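In: Quick one: sequence and predicted model below, then my questions.
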Amino acid sequence: RIISNGAYLTNSDGCVYEIATPYAVSDVYGLKYTQSADVMTITHPSYAACDLSRLGQTDWTLTAISYGTSLTAPGGIVTTYTPGNAGNTGTTPGISKADYSYVVTSVSDTLNTESYASAVSTVNNYNIGYYEQYGNFNPVSWDAVANAEYYNVYRLYAGLYGLIGSTTGTELDDLNYAPDTTTGPPAHKDPFSGNNPVSVGYFQQRRVFAGSSDYPQTVWMSRSANYANFDVHTPVRDDDAITATIASQQVNTIKHIVAMPDLLVFTGSGIWKVSAGGQTGEAITPGNFTAIPQIYVGSSDVRPIPINTDVLFIEGKGSHVRDLQYDWYAAIYTGNDLSVMAEHLFYGYTIADWGFAVFPFNVLWAVRSDGTLLGMTYLK
């Protein structure tokens with residue numbers, strides 16, 4: 001059910017508007033979430049990650065995320081050959097023949113995506129390296145793709161497909177263009193097939209998932225500005241998806257990720273800073289990813305709360321509240337126990353959930369495990 005302005009949304013017949021969810025009541029406190037405009041992403045280790053989307057006031061959907069590109073690969077790829085005038089004496093330099101293999105992708109800069117490679121099309125032709133002397137070349141054509149703004153054509157060279165050209169049309173003549181093997185077509189990656197992430201967030205124009213039953217200390221970052229795409233190219237590009245595992249002395253599942261100037265990763269035994277390793281704000285890339293431990297104080301399953309430049313979180317045992325902020329002198333994130341003067345409130349209890357009310361008194365409200373409501377003013 002959805003509450004708007006203090007009341008349930010209702011259908012035209014006055015009944016409360018509802019959508020079905022797969023979650024059991026016992027799963028509620030294990031749900032993690034993040035939001036981008038009208039889409040909220042929800043994760044739980046027992047369920048596939050889902051997007052809750054608001055399409056209208058009483059038009060909501062909850063769907064499992066489909067990972068990949070939104071463009072289809074071109075079909076109907078055909079490669080013919082134009083033999084030129086090499087002759088047939090067997091002694092002319094251009095008379096030798098070779099196989100030439102091509103794939104084509106569709107591209108949309110508006111959607112910030114490139115399709116997967118088409119089927120391979122191979123042709124046997126005289127050496128097109130002698131195009132200028134004898135005129136032999138390979139015409140490549142394919143079917144148009146909806147929403148494609150242009151197409152990339154790749155030719156196999158030394159075991160890799162390299163870019164030979166781009167066109168807004170549906171054909172390209174290969175006049176012996178040199179394949180750029182530093183720019184290859186993308187390969188599909190779905191890191192969450194049978195592997196449900198625990199936590200989710202956004203950082204540097206990427207959607208970030210972290211932790212799972214199979215890979216408890218792994219962080220997955222989508223392609224830049226393409227939140228459902230975890231594809232990579234060969235060789236890897238800076239805007240490709242990132243998969244990295246934090247190497248620590250103990251295996252502790254990543255419970256939360258919080259975006260500050262750096263990406264803060266909360267586990268059951270400590271907190272890590274994920275960054276590009278240089279100055280704060282430098283872009284993280286597949287080849288520029290570092291994870292540095294900050295403090296060896298673990299976090300509970302209750303979601304941390306960012307407040308201005310600080311982050312408040314509950315220690316792993318569930319009964320101490322700490323803050324976390326960047327110490328410019330020590331160059332790490334550190335903090336203090338904020339509940340040290342009120343420990344008697346937590347003897348035998350834990351905090352089940354909490355929220356921060358900025359107005360009127362900057363009070364952090366926490367629900368204790370027995371249902372008692374605790375309040376702490378936080379005005380740094």
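Out: Ah, there it is.
In: what's the spacing between the helix or strand of the chain with the lowest mean pLDDT and its chain's center?
Out: Of all helical and strand segments in the chain, the minimum by mean pLDDT, DSSP states H and E falls on helix 131-134, at a mean of 76. Centroid separation between helix 131-134 and its chain, computed with CA atoms, centre = their mean, to the nearest Å, is 47 Å.
In: elements contacting that helix?
Out: Using 3 or more CB pairs under 8 Å, 6 or more residues apart in numbering; DSSP states H and E, no helix or strand is in contact with helix 131-134. To be clear about C-beta, it is placed using only N, CA and C from the backbone, and glycine gets the same treatment.
In: Buried by neighbour count: which residues of it qualify?
Out: Neighbour counts over helix 131-134 (16 or more other CB atoms under 10 Å) mark 131, 134 as buried.
In: repeat for stretch 324-331
Out: Buried, per 16+ other CB under 10 Å, within stretch 324-331: 324-326.
In: so residue 290 sits right up against residue 275, yeah?
Out: Yes. Using CB atoms under 8 Å, residue 290 is in contact with residue 275, at 5.9 Å.
In: quick one: stretch 209-224 to chain centroid distance?
Out: Put simply, stretch 209-224 sits 9 Å off its chain's centre (CA atoms, centre = their mean).
In: for the buried residues of stretch 324-331, which one is nearest residue 335?
Out: Nearest to residue 335 among the buried residues of stretch 324-331 is residue 324, at 4.2 Å by CB to CB.
In: For that closest one, what is the enclosing helix or strand?
Out: Element membership for residue 324 (DSSP states H and E) is strand 321-327.
In: What is that strand packed up against?
Out: Strand 321-327 packs on strand 310-314, strand 332-334, going by 3+ CB pairs under 8 Å, 6+ apart.
In: returning to that earlier point: looking at residue 290 and residue 275, which one has more neighbours?
Out: residue 275 (22 against 14; other CB atoms under 10 Å).
In: gap between that one and residue 325?
Out: For residue 275, the distance to residue 325 equals 16 Å [CB to CB, to the nearest Å].
In: can you count the residues close to the spatially closest residue to residue 178 that is not a sequence neighbour?
Out: Of all residues not flanking residue 178 in the chain, residue 164 sits nearest, at 7.4 Å (CB to CB, 6 or more residues apart in numbering). By the criterion of other CB under 10 Å, residue 164 has 22 neighbours.
In: do residue 205 as well
Out: For residue 205, using other CB under 10 Å, the count is 15.
In: coming back round to it: burial-wise, tell me which of the helices and strands packed on strand 321-327 comes out on top.
Out: Of all those, strand 310-314 carries the top mean neighbour count, a mean of 22, counting by mean count of other CB atoms under 10 Å.
In: neighbouring strands for that one, and are they parallel or not?
Out: Within its sheet, strand 310-314 is paired with strand 305-307 (antiparallel), strand 321-327 (antiparallel), according to DSSP bridges.
In: between those, which gets nearest to residue 25?
Out: Of all the strands paired with strand 310-314, it is strand 305-307 that lies closest to residue 25, at 24.1 Å by CB to CB.
In: Identify the residues contacting that closest one?
Out: 258, 260, 311-313, 354-356, 364, 378, 380 (CB atoms under 8 Å, 6 or more residues apart in numbering).
In: let's see 7 Å
Out: 258, 260, 312, 356, 378 (CB atoms under 7 Å, 6 or more residues apart in numbering).
In: just checking, residue 357 touches residue 375?
Out: No. Using CB atoms under 7 Å, residue 357 makes no contact with residue 375, being 9.1 Å away.
In: any shared contact partners between those two?
Out: Taking CB under 7 Å, 6+ apart as the criterion, residue 357 and residue 375 both touch 363, 365.
In: Show the pLDDT at residue 137.
Out: On pLDDT, residue 137 comes in at 89.
In: Now do the same contact list for it.
Out: Applying CB under 7 Å, 6+ apart, the residues near residue 137 are 82, 128, 131, 173-175.
In: before we move on, the earlier item: ok, the contacts of strand 305-307 vs residue 16, which is closest?
Out: residue 356 (28.6 Å).
In: Give me the neighbour count for the closest one.
Out: What residue 356 shows, counting by other CB under 10 Å, is a neighbour count of 15.
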